[in-house]
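A.B. asks: no sequence on this one, just coordinates:
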């Protein structure tokens, strides 16, 4: 398996893993954008000066073009507009070209065997299990890499609208694959929700037997809360915790486009 935060390039990946199965994950642009702003500490990067009672996210959204122009680092430039479309393969100069936006979306629909949806993560894992011929035990996870509340920003109707305007290509991408996602759920068959219930019962068992919710560590520049296992937890808990799958899942700025994936 090759699991990496990279803009998608099918030709390049085929050189590494021929005949690969391609999987990515999308997150609603509003949630993804707020996550990027908090997780990457954009106010500090863009030198947004604000008082204790001011909202730096609102300041940024009020004059986004000005702040983007102040960004010298090309990597951070890609974070501030349509990052998920960038990860799928659209160049920033083409964000406003509806024809190219549609072309990249249609090409992604052909290239990816499964596009997971972060807001329906458990449902996505059921589809992943079916696609890869896995067992329920292969998709168990624990939540990791959760942002501190200090790095979160409230979203009101005005912010939501502004975010969708700034990330219109991302929104179009998300709408397309959110629709096709439910077509895959329907195609799965009548036992989809039965399997989903079985899986969620197993996740609840993991939560009760494995995790000590009262204990966690904050590291990675005060950006990561890592829940610890209970003392004397069953051996399988350690295997799930060490697998890294939960941490990959939690980022959701993914392609894995935090993310892909951050929570």
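C.D. replies: Cool, the structure landed. All figures in this text were calculated on a predicted structure; none of them were measured in a lab. Numbering: from 1, shown residues only.

A.B. asks: contacts, neighbours, all on C-alpha from now
C.D. replies: Will do.

A.B. asks: So residue 115, which state does it fall into?
C.D. replies: Following DSSP: H, G, I helix; E, B strand; the rest coil, we place residue 115 in the strand state.

A.B. asks: Neighbours of it, how many?
C.D. replies: Residue 115: 24 surrounding residues under other Cα atoms under 10 Å.

A.B. asks: quick one: pLDDT of it?
C.D. replies: If you check residue 115, the pLDDT there is 98.

A.B. asks: before we move on, what about the one 10 residues further on?
C.D. replies: Residue 125 carries a pLDDT score of 98 in this model.

A.B. asks: Quick check: closest non-adjacent residue to it.
C.D. replies: The shortest distance from residue 125 to any non-neighbouring residue, by Cα to Cα, 6 or more residues apart in numbering, is to residue 139 (6.5 Å).

A.B. asks: How many neighbouring residues does the nearest residue to residue 41 once chain neighbours are set aside have?
C.D. replies: Sequence neighbours aside, residue 151 is the residue nearest to residue 41 in space, at 7.5 Å (criterion: Cα to Cα, 6+ apart). For residue 151, the neighbour count with other Cα under 10 Å is 16.

A.B. asks: And residue 151, its phi and psi?
C.D. replies: The phi and psi values for residue 151, taken as degrees, to the nearest 10, are phi -110, psi 20.

A.B. asks: from memory it sits against residue 38, does it?
C.D. replies: Yes - in this structure residue 151 lies within contact range of residue 38 using Cα atoms under 8 Å: 4.7 Å.

A.B. asks: For the stretch 1-150 of the chain, which segments are assigned as helices?
C.D. replies: Along the stretch 1-150 of the chain, the segments classed as helices by DSSP state H, counting those that start in this stretch run 10-16, 29-39, 42-45, 56-62, 64-69, 74-79, 83-88, 98-111, 121-132.

A.B. asks: Out of the ones you listed, the one nearest residue 187 is which?
C.D. replies: Residue 187 lies closest, by Cα to Cα, to one member of the helices of the stretch 1-150 of the chain: helix 121-132, at 10.1 Å.

A.B. asks: Buried residues, the closest one. List them.
C.D. replies: In terms of neighbour count (16 or more other Cα atoms under 10 Å), helix 121-132 has its buried residues at 121, 122, 123, 124, 125, 126, 127, 128, 129.

A.B. asks: next one: that helix to chain centre, how far?
C.D. replies: Centre-to-centre, helix 121-132 and its host chain are 15 Å apart (Cα atoms, centre = their mean, to the nearest Å).

A.B. asks: And that helix, what does it pack against?
C.D. replies: Other helices and strands packing on helix 121-132, by 3 or more Cα pairs under 8 Å, 6 or more residues apart in numbering; DSSP states H and E, are strand 114-117, helix 168-188, helix 192-210.

A.B. asks: what's the burial count for residue 73?
C.D. replies: Residue 73: 9 surrounding residues under other Cα under 10 Å.

A.B. asks: State the pLDDT value of it.
C.D. replies: 85.

A.B. asks: Please tell me how far it sits from residue 228.
C.D. replies: 36 Å (Cα to Cα, to the nearest Å).

A.B. asks: Quick check: residue 217 touching residue 226?
C.D. replies: Yes - with contact defined as Cα under 8 Å, residue 217 reaches residue 226; the gap is 5.2 Å.

A.B. asks: which residues are common contacts for the two?
C.D. replies: With Cα atoms under 8 Å, 6 or more residues apart in numbering applied, the contact sets of residue 217 and residue 226 do not overlap.

A.B. asks: Give me the more crowded residue out of these two.
C.D. replies: Neighbour count, other Cα under 10 Å: between residue 217 and residue 226, residue 226 has more, with 19 against 11.

A.B. asks: Appreciated, that's everything.
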